[in-house]
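Undergrad: Using only what follows, build the 3D model:
(chains A and B)
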Amino acid sequence: MIGYAFRRLGFYLIAFWAAITLNFLLPRLMPGDPATVLFARFQGRLKPEALEALKQTFGVNEAPIWEQYGQYLSSLLTGDLGTSLAYFPQPVHTVLFDGVFWTLFLSGGALLISFVLGTLLGAMSAWWRGGKWDYVPAALSFLGAFPYFWMAMLVLAIFGFQLGWFPTRHAYSGGMTPSFSFSFVYSMLQHAFLPGLTMVIASLGGWLLTMRSSMIASSSDEFVLFAHARGLKPNNIMLQYAARVAFLPSLSGFGMALGFVVSGALLTEMVFAYPGQGYLLIQAVRAQDYPLMQGIFLSISACVLLVNWIVDCSLLILDPRTRAAS
Amino acid sequence: MNTKLRFGILICGFFAAMAIVGPFLVQDPQRFVSTPLLPPNTMHWMGTTGQGQDVLAQTVVGAQLTLGMALLIASAVVFLGALIGCASGYFGGWIDDILSLFTNLFLVLPGLPLMVVLAAYLPPGPVSIALVLSLTGWAWNARVFRAQVLSLRQRDFVSAAQLAGAGHLEILFVEILPNLLSLMGSTFIGAVIYAIGAQVGLEFLGLGDIGSITWGSNLYWASNDAALLTGSWWTFVPTGLSIALLGFGLTLVLFGLDEKNNPKIKMERHWVASGGDLQRGITPIEKKE
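TA: Below is the predicted model of the structure:
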């Protein structure tokens, strides 16, 4: 059992190493020599120190590539992701740090809510199917077909700008300093409500459909039929028998879908100018801040891989079959 | 044909027609025809953009490039996925180990940030977008094809071909491939949905060719021209609705096909038709004695 957890950890470490290597190779292998193009563009606009930092990132020096790779890895180990161009002279990791917190708060919260709610609705719509409940998956998969960021634009236009019920940008009111006071937390929730809502609405359908189909499958399992035969209360059978087993494929799908949902969340942050990773990413794209862009890719990868590993480990605890197989 | 399939095909057909003949029926989408940010009126049924272009024309013409690109990207994604998945499932052993590792890596790495980093280094334009989306989108298909080939390889007709002395390529193309065609169809539809969404997302970020008329660049300009601030909903609602309707139509086709071919769902139909009750969570199955 512990062995399985470690094997999965090994896989995710390899995945992270692949992300790091990709990050190292991309600027060096891309066609058209991006470094030269960039230097030409930034010449005269950046301080000499900044140009030096850019050279470091792009490996414009005489050292052979494996030596550069060694340097890159060792600087990563000390948490050094290079220097941001847009926020020069701040190093990338300080710029990233704030963003990680806001993304975890907003996207993590929305993801959790939509997963729990979607799974519950999926179980119920499978249980009571053949009636009015059949409209729920149809309606939600229609809502799920909208791009996340478009939904965000619409909600922002209506409830933010037209009706003025909610703040239209940032994570807390201007002039406030982050603290654990009631007014600050209230402001945080107020600012997170609209972006969180759009993420939940857009991703609910996916979780619902996964749970619904595995719930339909598990309702024909013999232990469920036996529970019916024993005359247990239908609600007990639904939640404690059928849903309990059907939940496992949903949970293992969680890891796979995570990357997709995070991508949508990043674009939503952008629309609301919410100061998380997604907003930083667009700032980096607009300013052609390559070191920051790559740093964001690495930090999001690390988060996604970590959550995947935690999901794997929790499956191990919840699913006796995984335990037996390992 | 069931209701879902019929509706789905109807929606997809509508957008196909829009992409093919639509551009001949509307005004020039690039031309500055009127005052900027005019709400819908009799001259411009869907109003004008922040630069005074006709929104209806932009939406209709945008369908062409967006759909064309989506079909191209989806083909590449399914081709790559099928190639890697089949090789991995058919050959097994160390080839499978390496290809599976590769597939799983691409599955867990978050797509959008990777796409953004890739697209930022490439010169902006449709070719770069197609390249980036094909490179980042094949993994899920590879996984599906691998599983299918893995089970097909065990069948008797493959063993028979092996005994008859057929080579690997012959078995793969003559024996196995024909059995994968329906799977290819459904993964292709899924890939089109992916390609539209990802393409629109990247273009919305400004990583595409923002000078061309696509659904993504329409939304990019809408957000840049302060559509939200001025409350000019008509600049982004038509494009967004088109994307969602088409995506929904494609999903309906997928579900419709599944309903048509899935024996479990057929069984359920039969059960309901003969007066059975689906309430309270009992799934009818056929018991084999």
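
Undergrad: State the helix or strand in which the residue sitting nearest the centre point of chain A lies.
TA: The residue lying closest to the centre of chain A (Cα atoms, centre = their mean) is A:Val262, at 2.7 Å. According to DSSP states H and E, A:Val262 maps onto helix A:243-271.

Undergrad: Tell me if that helix is near chain B.
TA: Yes. Using Cβ under 8 Å from any Cβ of the partner chain, helix A:243-271 reaches chain B at A:Gly255, A:Met256, A:Leu258, A:Gly259, A:Phe260, A:Val262, A:Ser263, A:Gly264, A:Leu266, A:Leu267, A:Met270, A:Val271. C-betas here are computed from N, CA, C, even on glycine.

Undergrad: Doesn't B:Ser34 lie inside a helix?
TA: No. Assessed with DSSP: H, G, I helix; E, B strand; the rest coil, B:Ser34 is coil; it does not lie in a helix.

Undergrad: ok, now which ones touch it?
TA: B:Met43, B:His44, B:Thr48, B:Gly52, B:Asp54 (Cβ atoms under 8 Å, 6 or more residues apart in numbering or on different chains).

Undergrad: before we move on, back to that, ok, of the residues of helix A:243-271 next to chain B, which one's closest to chain B?
TA: A:Ser263 (3.2 Å; Cβ to the nearest Cβ).

Undergrad: Report the contact partners of B:Cys86.
TA: B:Phe145, B:Arg146, B:Val149, B:Leu172, B:Ile176, B:Leu180.

Undergrad: Out of these, which is nearest to chain A?
TA: Of the contacts of B:Cys86, the one sitting nearest to chain A (Cβ to the nearest Cβ) turns out to be B:Arg146, at 14.7 Å.

Undergrad: Distance check, the closest one against A:His170.
TA: Using Cβ to Cβ, to the nearest Å, B:Arg146 is found at 45 Å from A:His170.

Undergrad: Then A:Phe149?
TA: 17 Å.

Undergrad: more neighbours, these two?
TA: Higher neighbour count among A:Phe149 and A:His170: A:Phe149, with 27 against 15, using other Cβ atoms under 10 Å in any protein chain shown.

Undergrad: show me what contacts that one?
TA: A:Gly264, A:Leu267, A:Thr268, A:Met270, A:Val271, B:Gly201, B:Phe204, B:Leu219 are the contacts of A:Phe149 under Cβ under 8 Å, 6+ apart.

Undergrad: will you turn those into a markdown table that also has neighbour count and pLDDT?
TA: Output for the contacts of A:Phe149, formatted as a markdown table (neighbours: other Cβ atoms under 10 Å in any protein chain shown; pLDDT from 0 to 100):
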| residue | neighbour count | pLDDT |
| --- | --- | --- |
| A:Gly264 | 24 | 78 |
| A:Leu267 | 24 | 84 |
| A:Thr268 | 32 | 85 |
| A:Met270 | 24 | 83 |
| A:Val271 | 29 | 83 |
| B:Gly201 | 26 | 86 |
| B:Phe204 | 27 | 85 |
| B:Leu219 | 25 | 83 |
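
Undergrad: farthest pair in the residues you listed?
TA: A:Gly264 and B:Leu219 (14.3 Å; Cβ to Cβ).

Undergrad: ok so, going back, which of the contacts of B:Ser34 fall in helices?
TA: Of the positions in the contacts of B:Ser34, not one sits in helices, assigned by DSSP state H.

Undergrad: For PyMOL, what selects the buried ones among the residues you listed?
TA: Typed into PyMOL, the line below selects the buried ones among the contacts of B:Ser34, using 16 or more other Cβ atoms under 10 Å in any protein chain shown:
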select buried, chain B and resi 44+48+54
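
Undergrad: what ranges do the strands span in the stretch 201-326 of chain A?
TA: Using DSSP state E, counting those that start in this stretch, the stretch 201-326 of chain A contains no strands.

Undergrad: Please identify the residues of it in proximity to chain B?
TA: So the stretch 201-326 of chain A meets chain B at A:215-217, A:219-220, A:224-225, A:228, A:234, A:237-238, A:242, A:255-256, A:258-260, A:262-264, A:266-267, A:270-271, A:281-282, A:285-286, A:288, A:290, A:293-294, A:296-297, A:300-301, A:304-305, A:308 (Cβ under 8 Å from any Cβ).

Undergrad: just the buried members of the residues you listed?
TA: A:215-217, A:219-220, A:224-225, A:237-238, A:242, A:255-256, A:258-260, A:262-264, A:266-267, A:270-271, A:281-282, A:285, A:288, A:290, A:293-294, A:296-297, A:300-301, A:304-305, A:308.

Undergrad: mind listing what's buried in the strand or helix carrying B:Gly240?
TA: If you go by DSSP H and E, B:Gly240 is part of helix B:237-261. Buried positions in helix B:237-261, judged by neighbour count with 16+ other Cβ under 10 Å: B:237-240, B:242-257, B:259.

Undergrad: Tell me, please, where in the stretch 151-300 of chain A the pLDDT is lower than the cut-off.
TA: Scanning the stretch 151-300 of chain A with the threshold set as pLDDT under 70 gives A:171, A:174-176.

Undergrad: which residue ranges form the helices in it?
TA: Counting by DSSP state H, counting those that start in this stretch, the stretch 151-300 of chain A has helices at residues A:182-218, A:222-229, A:234-236, A:243-271, A:277-286, A:290-318.

Undergrad: Quick check: closest non-adjacent residue to B:Leu135.
TA: Using Cβ to Cβ, 6 or more residues apart in numbering or on different chains and skipping residues adjacent in sequence, the residue nearest B:Leu135 is B:Leu118, 7.0 Å away.

Undergrad: Confirm for me that that neighbour is in contact with B:Thr136.
TA: Yes. Contact criterion Cβ atoms under 8 Å: B:Leu118 and B:Thr136 qualify, at 7.3 Å.

Undergrad: and the residue of the stretch 1-150 of chain B nearest chain A?
TA: Taking Cβ to the nearest Cβ, the stretch 1-150 of chain B has B:Leu112 as its residue nearest chain A, at 3.2 Å.

Undergrad: Report how many residues lie close to that residue.
TA: Counted with other Cβ under 10 Å, B:Leu112 comes out at 24.

Undergrad: what about it, which SS state?
TA: Assignment for B:Leu112 (three-state DSSP): helix.

Undergrad: residue contacts, the nearest residue to it once chain neighbours are set aside?
TA: Closest residue to B:Leu112 apart from its sequence neighbours, by Cβ to Cβ, 6+ apart: A:Ser263 at 3.2 Å. The contact partners of A:Ser263, by Cβ under 8 Å, 6+ apart, come to B:Pro110, B:Gly111, B:Leu112, B:Pro113, B:Gly201.

Undergrad: Same check on B:Ala161?
TA: Contacts of B:Ala161 by Cβ under 8 Å, 6+ apart are B:Glu170, B:Ile171, B:Val174, B:Glu175.

Undergrad: at 10 Å instead, please
TA: B:Gly167, B:Glu170, B:Ile171, B:Val174, B:Glu175, B:Ile176 (Cβ atoms under 10 Å, 6 or more residues apart in numbering or on different chains).

Undergrad: Show me which residues of the stretch 1-150 of chain A sit near chain B.
TA: A:11-12, A:14-19, A:22-23, A:26-27, A:29-32, A:34, A:37-38, A:123-124, A:126-131, A:134, A:137-138, A:141-150 (Cβ under 10 Å from any Cβ of the partner chain).

Undergrad: Would you mind writing the PyMOL command to select the buried ones in these?
TA: In PyMOL syntax, the buried subset of the residues of the stretch 1-150 of chain A next to chain B is picked out as below (16+ other Cβ under 10 Å):
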select buried, chain A and resi 11+12+15+16+18+19+22+23+26+27+30+34+38+123+124+126+127+128+129+137+141+142+143+144+145+146+147+148+149+150
